[in-house]
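>>> here are the coordinates; sequence isn't available:
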């Protein structure tokens, strides 16, 4: 049974992702800097993981043959340089040092394409786009990790449809449930390795959509 | 006579650098987003250059066979993501597009070595270190520019001694005059191309010190 570390497990995406992975029979390490008093379920254990730590301290937290790391943390604009950018990069460096090969990064639509940053809601989050840009760029160009980067548009607290569009042309909205289901499906589809996947809610079943990614 | 563009020419380092370059018989384009009412001297002309511009707008400002670009701008912590990081990177991208091959970036001591970021005054400027880190990393790994990165420690409004140390072990202080003289000397010494040079005030004549850089 694969062991998966989720960084940012206290967030909206992270908490749903932890539950979904556990339901799918993964062993989940839920990493967060916040104390967590939830009773661990059979497949979930909570571990301390602070994005302000240095890389070596992160490596210590990645013991025990972890198969994959999800980075789904975010500072909500409060500490973009130290959390969303450098925290993400240190997590990548730690994963490499700890011998974890698979890395799934939750990013933001068009984070690697500044030409789109004046479109729609993106024009109001330039600092966020920049932080995500350089984290994504580091993962794609400076590591040897088997990465996948998922780039949804705006996240909505809506029920999931199980259907999405990929390689999208516009920044549109995404139910958190669809994003979480896509993150899980990415882990189960090695054709997504080495890809940067833009998405929004759509009309194609998630597993099918992932097969279509260019 | 070589034509040199200085980005951030209104700053403490930039204004001194513009004067020094003009004295050294370079033709200087002093780029700044601020209106400048100084009377241009024989070798200096002022041009508009805003680090919030997109890359193509920056390229337009780099017309006229510029031989080298200095990036010495900074937001003083007010807009690290958009100015110190992404503004610097866009300037690099514009220089490449405009066919300017030589690029000299003023950075900060140990910006590429996070292991030092808890030392001395560096521990109080983590956000700044991160912004400079990813700008430096982009220049060294993502461009084909003939770059030199100068990384002094704290800048002081003191008179210059003309003597520095390079490849330093500690973050110590630097007179702005020494930093400016070193920036000019870098342009005149092609052995500095492809190098990241840490410095502080020291005991070696600047030109000699640059020859010693590893």
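Alright, I've got the coordinates. Keep in mind that this is a model prediction, so the values were computed, not measured.
>>> Show me what from chain A comes close to chain B.
Proximity of chain A to chain B, by C-beta under 8 Å from any C-beta of the partner chain, involves residues A:54-55, A:80-82, A:85-86, A:114-115, A:126-127, A:130-131, A:133-134, A:137-138, A:141-142. Backbone N, C-alpha and C define where each C-beta goes, glycine included.
>>> So among those, which ones count as buried?
A:55, A:80-82, A:85-86, A:114, A:126-127, A:130-131, A:133-134, A:137-138 (16 or more other C-beta atoms under 10 Å in any protein chain shown).
>>> Those in strands, which ones?
Among these, no member is found in strands (DSSP state E).
>>> So which of those belong to helices?
Among these, DSSP state H puts A:55, A:86, A:126-127, A:130-131, A:133-134, A:137-138 in helices.
>>> pretty sure residue A:200 is in a strand, no?
Yes: judged by DSSP: H, G, I helix; E, B strand; the rest coil, residue A:200 forms part of a strand.
>>> Span of stretch A:62-77 from start to end?
26 Å (C-alpha to C-alpha, to the nearest Å).
>>> if we can go back for a sec, pick out the most distant pair among the ones in helices among the buried ones among the residues of chain A next to chain B.
A:55 and A:126 (28.0 Å; C-beta to C-beta).
>>> Please name the bridge partners of the residue nearest the centre of chain A.
Nearest to the geometric centre of chain A sits residue A:106, at 2.7 Å (C-alpha atoms, centre = their mean). Note on residue A:106: beta-bridge partners by DSSP bridges are residue A:150.
>>> mind listing the helices for chain A?
Under DSSP H, chain A gives helices at A:12-23, A:55-61, A:86-98, A:126-141, A:176-187, A:206-212.
>>> Residue B:72: which of these is closest?
Among the helices of chain A, helix A:126-141 sits nearest to residue B:72 (C-beta to C-beta), with 20.4 Å.
>>> That closest one versus helix B:126-141: what angle between them?
Per axes from the mean of the first three to the mean of the last three C-alpha atoms, to 10 degrees, the angle that helix A:126-141 makes with helix B:126-141 is 40 degrees.
>>> my guess is residue A:160 meets residue A:183, correct?
No: contact status for residue A:160 versus residue A:183: not in contact, 12.0 Å apart, counting by C-beta atoms under 8 Å.
>>> Between these two, tell me which one has more neighbours.
Neighbour totals were compared for residue A:160 and residue A:183, and residue A:183 leads with 25 against 18 (other C-beta atoms under 10 Å in any protein chain shown).
>>> what's the burial count for the residue nearest to the more buried one when sequence neighbours are not counted?
Leaving aside its chain neighbours, residue A:183 sits nearest to residue A:17 (5.7 Å; criterion: C-beta to C-beta, 6 or more residues apart in numbering or on different chains). Neighbourhood size, residue A:17 [other C-beta under 10 Å]: 27.
>>> ditto for the one 5 residues further on
Taking other C-beta under 10 Å as the neighbour definition, residue A:22 ends up with a count of 18.
>>> next one: residue A:78
Neighbourhood size, residue A:78 [other C-beta under 10 Å]: 9.
>>> For chain B, see how far away it is.
12 Å (C-beta to the nearest C-beta, to the nearest Å).
>>> Need the pLDDT of that residue.
Per-residue pLDDT puts residue A:78 at 97.
>>> So which bits of stretch A:23-32 are buried?
A:26-32.
>>> Next, format these as a markdown table and append distance to residue A:164 and pLDDT.
Formatted as a markdown table, those follow (distance: C-beta to C-beta, whole Å; pLDDT from 0 to 100):
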| residue | distance to residue A:164 | pLDDT |
| --- | --- | --- |
| A:26 | 21 | 97 |
| A:27 | 27 | 96 |
| A:28 | 23 | 96 |
| A:29 | 27 | 96 |
| A:30 | 25 | 96 |
| A:31 | 26 | 95 |
| A:32 | 27 | 91 |
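>>> just to revisit the earlier point, I'd assumed residue A:150 was in contact with the residue nearest to the centre of chain A.
Yes: Residue A:106 lies in contact with residue A:150 (C-beta under 8 Å); the separation is 5.5 Å.
>>> any common contacting residues for the two?
With contacts defined as C-beta atoms under 8 Å, 6 or more residues apart in numbering or on different chains, the residues shared by residue A:106 and residue A:150 are A:179, A:183.
>>> could you measure residue A:65 against residue A:2, distance?
10 Å (C-beta to C-beta, to the nearest Å).
>>> Name the residue in the two with the higher neighbour count.
Using other C-beta under 10 Å as the criterion, residue A:65 and residue A:2 rank with residue A:2 on top: 16 against 10.
>>> Give me the pLDDT value at that one.
95.
>>> For it, give me its contacts.
A:26-27, A:67-68.
>>> Out of those residues, which comes closest to chain B?
Nearest to chain B among these is residue A:68, at 25.0 Å by C-beta to the nearest C-beta.
>>> before we move on, the earlier item: what sits against the residue nearest to residue A:183?
A:6, A:9, A:70, A:72, A:180, A:183-184.
>>> And the pLDDT for residue A:165?
So, for residue A:165, pLDDT stands at 98.
>>> neighbours of the closest residue in space to it that isn't next to it in sequence, just the number please.
What sits nearest to residue A:165 in space, not counting adjacent residues and going by C-beta to C-beta, 6+ apart, is residue A:202, at 3.0 Å. Using other C-beta under 10 Å, residue A:202 has 17 other residues around it.
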